[in-house]
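Participant: Sequence and predicted structure, then a few things I'm wondering about:
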Amino acid sequence: MVGRAELLAQGSFENVRAAGEGAATVCASRVGNDGSVGLAWDLARGVRVGDPLPGFPCDDEEWAFGVLPGPRGASPVVAWADGGRVHVHDLYGGDEVVIDDAEASFPDVVGLAVHRGRGAVVTVFDRRPHADVLVWDARTGERLARFDTWFGYLSPDRHLLHATPDSGPLVALSCESERGKAPSYSMLDVEIEGQVGKLDRGAPPTPMVPWADGVVLVHGEGGRIVVRRPDGEAVAEGPAPEDAPVVAAARAGGRLLVAAGDRRAGAFTARDDARPEPLGRVEVPGPVGGVALASDGTLVAATDTGLFRARVTGSGSGS
């Protein structure tokens, strides 16, 4: 089935991310004349959640979105770097923590993790060839950990993957591999404060998503979609739609959904790892800055003209 996605919100959007579990919630960065803001939506109701978040970064490395444990239970949390500070905002509770520590100033990459049961923000500082990793309590701003890890001399991109709360203390930091080879992901455990593994990756991006007993990374390898555990073990494999790169993945209703396609053209094909045939094809006005798959099977795409959504499960795309 081929369908054009419906408009969720007008505006110029740079990127979008989805929470890994619970209610289908997404957060996106929108650019305007007065600067950029962060905006969140409850997809089930199709309504905005909370107030706009000012000072939101356009660079997707400088913000993170996911579900973290808290004093009132698990809740979607967005963290971002702005003006030498790190902001942590609870979407449902409305609480916001500002980490104003000098050591938290101007991180290059921001991510989320769970540190000994506490929701945490991970800030990474590019000190090539190493990276300085600092971990902060997302509810109090207390520093929980600090350690160094290998980053590389030539790494052109910087990504920090998580799938909280399922990923627990585990995050994946893109880093330089051996010379002449594709970049890798360094698997870091923020509780033991160090690297616990390394995973070569195919064509980026490489989403990290919840799995039956932990998390997996999903990426393209030679025209195939390969699902790997953090230790590198392949647990599933299937054909890549039209040999296109993977752009988003999610665990929805116990199934692994993967979207692949051409961001410039705004055309994406969705697959279910349990079905041999594609679920459908979604078209949005390209080019697309970012794509996310939510926990209810909704694909959301950020473009210069608006934020678009389409269901890729049930009745198919465009519904």
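Facilitator: That came through, no problem. Predicted model only: the values in this text are computed from it and were never measured.
Participant: Bridged to residue 238, which residues?
Facilitator: With DSSP bridges as the criterion, residue 238 is bridged to residue 225.
Participant: What's the end-to-end length of stretch 230-247?
Facilitator: Length of stretch 230-247, first residue to last, Cα to Cα, to the nearest Å: 19 Å.
Participant: Please apply the same query to stretch 164-176.
Facilitator: 25 Å.
Participant: swap in stretch 275-283?
Facilitator: End to end - Cα to Cα - stretch 275-283 spans 21 Å.
Participant: Quick one: mean pLDDT over that stretch.
Facilitator: Averaged over stretch 275-283, pLDDT sits at 86.
Participant: which parts of that stretch are buried?
Facilitator: Within stretch 275-283, the residues that count as buried by 16 or more other Cβ atoms under 10 Å are 278-283. All C-beta atoms are positioned from the backbone trio N, CA, C, and that covers glycine.
Participant: again, but for stretch 35-42
Facilitator: Neighbour-count burial for stretch 35-42 [16+ other Cβ under 10 Å]: 36-42.
Participant: how about the strands in the stretch 151-300 of the chain?
Facilitator: Applying DSSP state E, counting those that start in this stretch to the stretch 151-300 of the chain gives strands spanning 160-161, 170-175, 184-189, 194-200, 208-211, 214-221, 224-228, 234-239, 246-252, 255-262, 267-272, 280-283, 288-293, 298-303.
Participant: now the second one: how far from the chain's centre is it?
Facilitator: Taking Cα atoms, centre = their mean, to the nearest Å, one finds strand 170-175 lying 12 Å from the centre of the chain it belongs to.
Participant: do the same with the third one
Facilitator: Between the centre of strand 184-189 and the centre of its chain there are 15 Å (Cα atoms, centre = their mean).
Participant: now for it, which elements pack on it?
Facilitator: strand 143-150, strand 170-175, strand 194-200 (3 or more Cβ pairs under 8 Å, 6 or more residues apart in numbering; DSSP states H and E).
Participant: One more pass at 6 Å, please.
Facilitator: Here strand 184-189 touches strand 170-175, strand 194-200, going by 3 or more Cβ pairs under 6 Å, 6 or more residues apart in numbering; DSSP states H and E.
Participant: and the first one with strand 214-221, angle?
Facilitator: Strand 170-175 and strand 214-221 are oriented at 30 degrees to each other (axes from the mean of the first three to the mean of the last three Cα atoms, to 10 degrees).
Participant: contacting residues around strand 170-175?
Facilitator: Contact partners of strand 170-175, identified using Cβ atoms under 6 Å, 6 or more residues apart in numbering, comprise 111, 113, 122, 151-152, 155, 157, 159-162, 183-189.
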